[in-house]
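Undergrad: Sequence plus the predicted model coming up.
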Amino acid sequence: MYQEILYHIKPEFEKAVEFFKKEIAKIRTGQASPSLVEDVMVEMYGQKMPIKQLAAISCPERRQILIEPWDKSSLGPMEKALSQSPLGTSPIGEKDAIRIILAPLTQEFREKLLRFLGEKTEETKEVIRKLRDEAWSKMQEEVRTGNMREGDKFKGKEELQKVVDEYNKKIQEALERKTKEIEVE
């Protein structure tokens, strides 16, 4: 019975970790990455659309992002959206592309990024704890209703903790990679 509870809770753990990874991918380091701009919303064709739906995004150099819109009329709106984004850089409009050059990170900005990263990590670990508590409550409820034996409940608790540890390790690994990107730059 506890296996079924674990089976249903694992995808929730996976969603939390994947969301965390996507969120920290958006954190600017000295290294250029398409993920920094791909979700910036642009007002086009009477609606808001992410840049990734309007252009090819590449990184020709370590500190440079090149955005080449498929429709050249979208250059102006894209440039405007990028200049208003929290990226903190000024896009350079060219004939048929937009170039973003990332400046080196200051020590103060690095520290700010590391604090933000710590907050995101703690939020994700809190989600994992809540999911663990939910699963544990379900196991205890199954014992109270007579659908699970007491011994299975404690075996389930051990298995649940192994799953939690596995996902916390994934979070920690992602955190360490991003921290290294920020510090090394």
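TA: Nice, thanks for sending it over. Residues are numbered from 1 along each chain as shown.
Undergrad: Run through the helices of the chain in chain order.
TA: For the chain, applying DSSP state H gives helices covering 2-25, 75-84, 107-144, 150-184.
Undergrad: just flag whichever of these has the lowest average confidence.
TA: With a mean of 87, helix 75-84 has the lowest mean pLDDT of the helices of the chain.
Undergrad: And the pLDDT at the spatially most distant residue from the centre of the chain?
TA: Centroid-distance maximum for the chain: residue 146 at 40.6 Å, with C-alpha atoms, centre = their mean. On pLDDT, residue 146 comes in at 87.
Undergrad: Could you list the domains of this protein?
TA: What automatic domain parsing lists as the domains of the chain is 2-26+106-184, 34-101.
Undergrad: thinking again about what came up before, export the helices of the chain as TSV, with columns for distance to residue 39 and mean neighbour count.
TA: C-beta here means a position set from N, CA and C on the backbone, and glycine is covered the same way. Shown next, in TSV, are the helices of the chain (distance: least, C-beta to C-beta, whole Å; neighbours: other C-beta atoms under 10 Å):
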stretch	distance to residue 39	mean neighbour count
helix 2-25	9	16
helix 75-84	11	18
helix 107-144	16	15
helix 150-184	17	15
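Undergrad: Looking at these, which is nearest to residue 40?
TA: In terms of C-beta to C-beta, the element of these nearest to residue 40 is helix 75-84, at 5.4 Å.
Undergrad: residues making contact with that closest one?
TA: For helix 75-84, the external contacting residues (C-beta atoms under 8 Å, 6 or more residues apart in numbering) are 37, 40-44, 51, 54-55, 67, 69, 89-91, 93, 96-98, 100.
Undergrad: List buried residues within the residues you listed.
TA: 37, 40, 42, 44, 51, 54-55, 67, 69, 89, 91, 93, 97-98, 100 (16 or more other C-beta atoms under 10 Å).
Undergrad: which pair in these spans the largest distance?
TA: Comparing all pairs in these by C-beta to C-beta, the longest separation belongs to 44 and 89, at 21.1 Å.
Undergrad: pLDDT wise, what is residue 88 at?
TA: For residue 88, the model assigns a pLDDT of 68.
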